[in-house]
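Undergrad: What follows is a predicted protein model with its sequence.
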Amino acid sequence: MKKIKVFVIDDSAVVRQVLGDLFTRDSSFEFLGAAVDPIFAMDKMGPNWPDVIILDIEMPRMDGISFLKKIMKEHPTPVVICSTLTEEGSDIAMTALSLGAAEIITKPKVGLKDFLNESSLLLIDAVIAASHINLDKMVLYGAKEQETIKQKFVTDISQVKATEKIVAIGTSTGGTIALEEVLVKLTRDKCPGIVIVQHMPEKFTETFAKRLNSICEIEVREGKDGDRVLPGLALIAPGNKHMQVKRSGAQYHIEVSDGPLVNRHKPSVDVLFRSVAKHVGKNAKGIIMTGMGDDGAQGLLEMKQAGAVTVAQNEESCIVFGMPKEAIRRGAADKILPLRDIHRSIIEFLN
């Protein structure tokens, strides 16, 4: 089995040492080395280019975002961002994802060495997921101008009838791009209530939801415990929390709670999908999109068994054909669709 070649760019000697030791010990990887900043890195990586780059944001001479723009233009390579991004700085994380970063891992400002050692499995999973990215399918938004000007409206919840149909979407690596592609094409009058799990660290889901909300006609926001699922509204599970759909009379609402990791994830797509299978049944549609691993495959199967309509994104349009592939293998998908057709399938389901 071919080893995954890894290179680390970080001005912290601790990070370079710990990650170097981690990827040297694991026989699945070939650790190519490390550099204190992108300029040094370019010289070192030239003769033996890595499969995955682990990149910091704040560095001397050239920052990580500038390097990410450069590398994706000149030599597209899967990149895992590992930085001390705070809640206030999570806009930077969204920028990195929109430029093509595969994963975001937040490292603390204190206790860094302990964190890196304790998070070795997380780091390894992130690099493996990044190595499976199909770069030909990676859409880069760095130069894209958002010209959509939408008129926001205030909904009087008491005047909105409970939706009888719900769409549940699960995605991971590449999902930030895929979700934007789907949600920007939906209109308020032809959109059922949508609940979404996107594998993403704590603090970033709110910023991600706000970004989508600014460019979509439908309303998009991070879900909060007790929120109702309503037409024209998409609720995104908060990072580091599980999200489930529950029913109260004729109304659906979400329950946001803590709990153990499921399939190594929190939020987990399986947790969401299973709750939809139980409480919504045939009035639901399940969609599993690009992502590494198998989270959501079993839940999608349970949705199908409960009478829901189920869809998997096809291999050709996936950045990582992991989660959809496993769902298809288990017979969980009624249809296999390219990304460009998924928004239409949502509209058709409502009708």
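TA: Yep, it's here. Numbering: from 1, shown residues only.

Undergrad: Now do the contacts for residue 52.
TA: Neighbouring residues of residue 52 by Cβ atoms under 8 Å, 6 or more residues apart in numbering: 4, 5, 6, 7, 77, 78, 79, 80, 102, 127, 130, 131. Just so you know, the C-beta spots here come from the backbone N, C-alpha and C atoms, and that holds for glycine as well.

Undergrad: Equivalent analysis for residue 11, please.
TA: Per Cβ under 8 Å, 6+ apart, neighbours of residue 11: 36, 37, 56, 58, 59, 60.

Undergrad: give me the element the fifth one is part of.
TA: Going back to what we said before, that points to residue 59. Using DSSP states H and E, residue 59 is not contained in any helix or strand.

Undergrad: Quick check: it vs residue 310, distance?
TA: Remark: distance between residue 59 and residue 310 (Cβ to Cβ, to the nearest Å) = 44 Å.

Undergrad: The first one now?
TA: Shown here: residue 36 relative to residue 310, a distance of 48 Å by Cβ to Cβ.

Undergrad: Please say which of the two ends up with more neighbours.
TA: For residue 36 versus residue 310, the count of surrounding residues by other Cβ atoms under 10 Å is larger for residue 310: 24 against 17.

Undergrad: packing partners for the helix or strand containing the more buried one?
TA: Assessed by DSSP H and E, residue 310 sits inside strand 309-313. Secondary-structure packing of strand 309-313 (3 or more Cβ pairs under 8 Å, 6 or more residues apart in numbering; DSSP states H and E): strand 284-288, helix 297-305, helix 323-329, strand 335-337, helix 339-350.

Undergrad: JSON lines please, covering these and showing mean neighbour count.
TA: Shown next, in JSON lines, are these (neighbours: other Cβ atoms under 10 Å):
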{"stretch": "strand 284-288", "mean neighbour count": "29"}
{"stretch": "helix 297-305", "mean neighbour count": "23"}
{"stretch": "helix 323-329", "mean neighbour count": "23"}
{"stretch": "strand 335-337", "mean neighbour count": "15"}
{"stretch": "helix 339-350", "mean neighbour count": "17"}
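
Undergrad: For residue 315, find the nearest of these.
TA: helix 323-329 (7.0 Å; Cβ to Cβ).

Undergrad: a strand runs through residue 168, doesn't it?
TA: Yes. Membership of residue 168 in a strand is supported by DSSP: H, G, I helix; E, B strand; the rest coil.

Undergrad: ok, it - contacts?
TA: Counting by Cβ under 8 Å, 6+ apart, residue 168 has contacts 194, 195, 196, 245, 272, 273, 276, 284, 285, 286, 287, 303.

Undergrad: Format those as JSON lines; extra columns: distance to residue 227 and pLDDT.
TA: JSON lines is the format used below for these (distance: Cβ to Cβ, whole Å; pLDDT from 0 to 100):
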{"residue": "194", "distance to residue 227": "12", "pLDDT": "98"}
{"residue": "195", "distance to residue 227": "9", "pLDDT": "98"}
{"residue": "196", "distance to residue 227": "12", "pLDDT": "98"}
{"residue": "245", "distance to residue 227": "10", "pLDDT": "97"}
{"residue": "272", "distance to residue 227": "14", "pLDDT": "98"}
{"residue": "273", "distance to residue 227": "18", "pLDDT": "98"}
{"residue": "276", "distance to residue 227": "15", "pLDDT": "97"}
{"residue": "284", "distance to residue 227": "17", "pLDDT": "97"}
{"residue": "285", "distance to residue 227": "19", "pLDDT": "98"}
{"residue": "286", "distance to residue 227": "20", "pLDDT": "98"}
{"residue": "287", "distance to residue 227": "20", "pLDDT": "98"}
{"residue": "303", "distance to residue 227": "21", "pLDDT": "97"}
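
Undergrad: what about residue 190, how many neighbours?
TA: Neighbours around residue 190, by other Cβ under 10 Å: 15.

Undergrad: can you pull the pLDDT of it?
TA: Predicted confidence (pLDDT) for residue 190: 89.

Undergrad: That one against residue 348, yeah?
TA: No. Contact criterion Cβ atoms under 8 Å: residue 190 and residue 348 do not qualify, at 9.7 Å.

Undergrad: pLDDT weak spots in the stretch 51-200 of the chain?
TA: Scanning the stretch 51-200 of the chain for pLDDT under 70 picks out 85-90, 109, 137-163.

Undergrad: Next, please give the residue ranges for the helices of it.
TA: 64-74, 90-99, 112-118, 120-131, 175-183 (DSSP state H, counting those that start in this stretch).
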